[in-house]
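1. Fold the following and give me the result.
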Amino acid sequence: MAEERKQPPQPSAPQQQSLAEYLTYVRGMKRMTLREVEEASNGEISNAYLSQLEKGHISKPSPNILHALSEVYGISYERLMEKAGYIVAASGADRRTGTTKHGRAATFAAENLTTEEEEELLKYLAFLRSQSKGRKK
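-> Down below sits the predicted model:
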């Protein structure tokens, strides 16, 4: 009998989520079980450890774990580092227009991006980078 896929709840507004909520959200969007993440990471991240991360019992995993998760999920390593508190989110004013821009992706946009647009742009950039890695081999 096939293992039933129990999907985690999928909260909205990824920008405002804690690391635990964000990891739960991303895994849900990828439709992966805890065991599938463990397998995809070649055992680098145990399903038990990921469960502890998603429940918020571990709030600051090592950068190596965050990097492995970014590879498995195809998401921004920098975003995970921000959510874990290792680095501060990039933001500031655009000197040319005097408007405030947020995040790294917004730096190159002609107009401010919504948080949802920026999140999608960063996901797409991670996807493009993962595709280019495969071509270089």
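2. quick check: domain ranges of the chain?
-> When the chain is parsed with automatic domain parsing, its domains come out as 8-87, 90-137.
3. rank those by mean pLDDT and give me the bottom one.
-> Lowest mean pLDDT of the domains of the chain: domain 90-137, a mean of 62.
4. Residue 29 - that's part of a helix, no?
-> Yes. With DSSP: H, G, I helix; E, B strand; the rest coil as the criterion, residue 29 is assigned to a helix.
5. Begin at 24, not 1, for the rest of this chat.
-> Sounds good: first residue 24 from here, last item residue 52.
6. Just give me the neighbour total for it.
-> Around residue 52 there are 15 other residues, counting by other CB atoms under 10 Å. The way it works is simple: take the backbone N, C-alpha and C, and place the C-beta from them, glycine included.
7. what's the spacing between it and residue 106?
-> In this structure, residue 52 and residue 106 are separated by 15 Å, where distance is defined by CB to CB, to the nearest Å.
8. Pick the most deeply packed of the domains of the chain.
-> When neighbours are counted by mean count of other CB atoms under 10 Å, the highest per-stretch mean among the domains of the chain falls to domain 31-110, a mean of 17.
9. Residue 89 reaches residue 104, doesn't it?
-> Yes. Residue 89 is in contact with residue 104 according to CB atoms under 8 Å; the separation is 6.0 Å.
10. Tell me the helix or strand right after the helix or strand containing residue 48.
-> Taking DSSP states H and E as the criterion, residue 48 maps to helix 42-53. Note on helix 42-53: by DSSP H and E, the next helix or strand toward the C-terminus is helix 57-63.
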